[in-house]
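S.K.: Sequence and predicted structure are below.
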Number of protein chains: 2
Amino acid sequence: MNIGENKTWNHHVVKEGNKSLVLKKIINHSPISRAAVAQEVGLNKGTVSSLVNDLLDDQLIYESGPGKSSGGRRPVMLLFNEKAGYSIGIDIGVNYLLGVLTDLNGNICIEKEVTFKNLSYEEIEKQLFNTIDSLTDSAPPSPHGIIGIGMGVPGIVDNNGEILLAPNLKWKNLNLKLVLENRYQLPIIIENEANAGAYGEKRFGAGKDSEHIIYVSAGIGIGVGLILNGALYKGSNGFSGELGHMTIQVNGPTCRCGNKGCWELFASEQALLTAAEKMKIVSPSGKEMELSDLMALAEQGDPKVIALFEQAGDYLGVGINNIINSFNPQQVIIGNRMASSSKWLTKTLTDRVSNQALWFQQNDLTICFSELSTFSSALGASAFSIENFLNVSMQQKTSLKA
Amino acid sequence: MNIGENKTWNHHVVKEGNKSLVLKKIINHSPISRAAVAQEVGLNKGTVSSLVNDLLDDQLIYESGPGKSSGGRRPVMLLFNEKAGYSIGIDIGVNYLLGVLTDLNGNICIEKEVTFKNLSYEEIEKQLFNTIDSLTDSAPPSPHGIIGIGMGVPGIVDNNGEILLAPNLKWKNLNLKLVLENRYQLPIIIENEANAGAYGEKRFGAGKDSEHIIYVSAGIGIGVGLILNGALYKGSNGFSGELGHMTIQVNGPTCRCGNKGCWELFASEQALLTAAEKMKIVSPSGKEMELSDLMALAEQGDPKVIALFEQAGDYLGVGINNIINSFNPQQVIIGNRMASSSKWLTKTLTDRVSNQALWFQQNDLTICFSELSTFSSALGASAFSIENFLNVSMQQKTSLKA
DNA sequence: TTTTGTTAGTCTAGTGGCTAAACAAAGTTT
DNA sequence: AAACTTTGTTTAGCCACTAGACTAACAAAA
């Protein structure tokens, strides 16, 4: 909502904006007194008092006992009521479905995971309903109840939340948002898995203090979520961050996308597995090789496998270098399954970046691995839903004033 | 200025925002009546009348004769007073200095170009002062006079307008902004040349109707300017868009930046010249080969040279493909000197993109060449200055109300 | 203990910009 | 000429903000 956009400005907008400012201050600096909020935000004491009363009425905050005096009357401390409602975050992968119930601060209250293989859409849908039903049923009582459902999907999601393509799930043109809205009568947000992960890290993980974050979701393939100016950047149609298919080797090997020399051919989990197969490294279990098998081998000190990881780290660095040159971010966060192998990736990755990235790009730049590990995406999805709820809560409820 | 940022909201902000809305409406839809503005913007008629009076006082708009009646009183048409002030835009290159004087709609009133070779900073500074002085002196009289100076520089500019590095000019840590401010006592804006070009095309050129534009400035090197959500995206420190040094060939040839396989080694003017030299193509003039010589040869139908251009177009396509996957833009605009060779670049470039870009990225995507040709950057620089002036004009002038 | 000074939070009056609706002005249509 | 339309101004009222007075509640000094 920028000045200059098509929205007109009036008293409601002013109040909404200020209320949001006050709430954010309380969330991020709780416990805090009305007086401190007024001073730090720059609003008049009276204004803050009035807005705080609104927030108290909404039960979004509560008063705790008096705080310490600094030579005068003791302040009444305000705290964010993180249990005022609960949000559901879903992360669906190729062979798993992870659901979390979180409070409004993203603390996980309940988690529920099912794994599967080669299920049809109908079967997955059933699992999804089960998960959501179960989480809903076991949510503690709260003033606002379940405030919404967010979902991260490994595929292409357009700006309306429609899933255009999820190749690994074999989904196409699926409006899951509508399905869930009809069933649950709640606000539903469907997002790409990397976007959800990026937002999760921004809100609750490694990116809390940055405004410009690039989240690299390195799993079977590679997807990227962009946080620019503190907000998710989705591009014109919602398809930004498809960097797994960025060319890093002109006329290189052919990718399943039809293109050649794509990044994810060099630096993804699939790339590792393919390379291992080529080198005739076999799984200790005898079954099909999995990432965990390679990690076990590396843990045992297998030099060939360690070299594989190091090579992948180097290639990750190449792509991240391109990202740095594109976006000049404050922070690059590597997440998803490959992040679990950080131990063997870090050195070659950081070497590549520090040797190649332009010097001025390296100031104020942090490269790190996910803090939320397997929960990035589910938590991010939940965070989208929480953000939506809080935004709506800031708006006037004229209909209730009767 | 987003809701949720650290700015408090009050009446002034409301008025400023609405005034800006009204002015933009008049700029983009002039001539237009007060009534039409009110209806389209969604403000009350009275409010619009009051804001329009303010704008008339500021001489930013003016009333023309009555328009056509549609069955009632004839409307008074409002027009943007594009001659209310003039802005100076400067584009400095390796061997030229282009200055334009524009009105507030970006129409060029006067242009002034000098070319040079291997001048010291002091000598260039002298040329710069001369150009600005001359443009200032010949500006027509207007209510607001010269409202500011914008400048596009081929180098790294940080968020404070300090030039950290302009390799081709051999400038380093130069605070030209301060120099110009001291000399002219005007608002000065220094930006990277690609950023300026991007903004120029967005405001006055091929990108007028898009909100997500990537401008590829392909000259001696390659720089990229990003317009995301309708605004210039500068990254954390102002260094976004350094995509000339994006790796498109892992372990490829070494670039002057120290990295390997950079895009600009394949698709820039320099890349063309180097390739021509390798193929022992000689300039018809006998002197050092220049882009214009290659264009002349291609025009004569030289198949080797045409093949060179086509190869460069293909490589341009590779990088643009990466850009599309990153940003999901509505529009990619290719500008700077290479744009003049569009004739021989277009086919291979678009072939590469249409064969390789993911299908969903190609919807609603336009790839085109600069509309402003050599003026993109100078006009963009001027546009920065105009935007700044209009923003400041929207603010309250309490001191004048006495 | 009393006094003084300080800080927290509420209350009141005043301000500015908005909206709604009445009104005046200037057309067209019948 | 009368009736209707549309434009633009004016007026009254509303709402959220600010400044500053006020009450409340504390610490420190006398």
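M.R.: Great, that's in hand.

S.K.: Can I take it that A:Gly150 is in a strand?
M.R.: Yes - judged by DSSP: H, G, I helix; E, B strand; the rest coil, A:Gly150 forms part of a strand.

S.K.: Could you list everything it pairs with in the sheet?
M.R.: Here A:Gly150 shows beta-bridge partners A:Gly89, A:Ile189, assigned using DSSP bridges.

S.K.: Three-state assignment for the spatially closest residue to A:Gly42 that is not a sequence neighbour, please.
M.R.: Nearest non-adjacent residue to A:Gly42, counting by C-beta to C-beta, 6 or more residues apart in numbering or on different chains: B:Thr8, 4.8 Å away. Where C-beta positions appear, they are placed from N, C-alpha and C, glycine not excepted. In three-state terms, and counting by three-state DSSP, B:Thr8 is coil.

S.K.: Quick one: end-to-end distance for stretch A:90-105.
M.R.: Stretch A:90-105 has an end-to-end distance of 16 Å (criterion: C-alpha to C-alpha, to the nearest Å).

S.K.: ok, the residue nearest to A:Gly42 - contacts?
M.R.: Neighbour list for B:Thr8: A:17-18, A:21, A:41-43 [criterion: C-beta atoms under 8 Å, 6 or more residues apart in numbering or on different chains].

S.K.: Against B:Thr350, how distant is it?
M.R.: Distance of B:Thr8 to B:Thr350, given as C-beta to C-beta, to the nearest Å: 49 Å.

S.K.: and A:Asn237, helix, strand or coil?
M.R.: Relying on three-state DSSP, one would call A:Asn237 coil.

S.K.: Phi and psi next, for it.
M.R.: A:Asn237 adopts backbone torsions of phi -120, psi 0, taken as degrees, to the nearest 10.

S.K.: Surely it and B:Leu358 touch.
M.R.: No - with contact defined as C-beta atoms under 8 Å, A:Asn237 does not count as touching B:Leu358 (11.5 Å).

S.K.: if you count what's nearby, which of the two comes out ahead?
M.R.: Neighbours per residue (other C-beta atoms under 10 Å in any protein chain shown) separate A:Asn237 from B:Leu358, with A:Asn237 holding more: 21 against 18.

S.K.: Ends of stretch A:158-172, what's the gap?
M.R.: End-to-end distance of stretch A:158-172 (C-alpha to C-alpha): 12 Å.

S.K.: now check stretch A:166-177, is it near chain B?
M.R.: No - contact of stretch A:166-177 with chain B (C-beta under 8 Å from any C-beta of the partner chain) is absent, the minimum separation being 10.9 Å.

S.K.: host element of the residue of the stretch 101-250 of chain A found nearest DNA strand C?
M.R.: Per C-beta to the nearest atom of the strand, A:Pro143 is where the stretch 101-250 of chain A lies closest to DNA strand C, at 20.6 Å. Per DSSP states H and E: A:Pro143 is located in neither a helix nor a strand.

S.K.: ditto for A:Asn321
M.R.: helix A:303-327.

S.K.: Any buried residues in that helix, and which?
M.R.: Within helix A:303-327, the residues scored as buried using 16 or more other C-beta atoms under 10 Å in any protein chain shown are A:305-306, A:308-327.
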